[in-house]
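*Asks:* mind looking at a prediction? Sequence and model below.
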Amino acid sequence: MLETALAIPLLMAVSIALAWGLSLAATSATLGDAARNAARSLARGDDGSQVVERVRAEAPGADIAVDETADGLAVVITRDVAAPVPILDGLSVTITQRVVVVRERS
């Protein structure tokens, strides 16, 4: 009986950890896609405010920064992902995606 009392909470903890891991992976993929799309659009010369609004729609709650250099630009998107259970309140992981592109010449 004692083994069951220990096994059930352990299985719950492992399940929560796996769910959070999948959430982190999905968030990372979403941020990566949004950063690539934004960098590509900005390199083509699209309006920066419209690109930022599209990124905010694709990745709500993310912070967006665009760093311009002489011949290119970098798009950095960052988002904090909190733990999925209240007992771990305050525990979060910061996911950052950075894409650097060269400006397209026309």
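*Replies:* Sure thing, it's come through.
*Asks:* how about the strands in the protein?
*Replies:* In the chain, the strands defined using DSSP state E lie at 63-68, 72-82, 92-102.
*Asks:* can you put those in JSON lines and add mean pLDDT?
*Replies:* What follows is the strands of the chain, written out as JSON lines (pLDDT from 0 to 100):
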{"stretch": "strand 63-68", "mean pLDDT": "92"}
{"stretch": "strand 72-82", "mean pLDDT": "94"}
{"stretch": "strand 92-102", "mean pLDDT": "94"}
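*Asks:* ok, P60 - how many residues close by?
*Replies:* By other C-beta atoms under 10 Å, 9 other residues sit near P60. (Each C-beta comes from the backbone N, C-alpha and C, glycine too.)
*Asks:* then I95?
*Replies:* 20.
*Asks:* any regions of the chain where pLDDT drops low?
*Replies:* The chain contains residues with pLDDT under 70 at 1-2, 106.
*Asks:* let's see that with 80 instead.
*Replies:* 1-2, 70-71, 88, 103-106 (pLDDT under 80).
*Asks:* quick check: longest helix of it.
*Replies:* The single longest helix within the chain, with elements called by DSSP state H, is helix 2-44.
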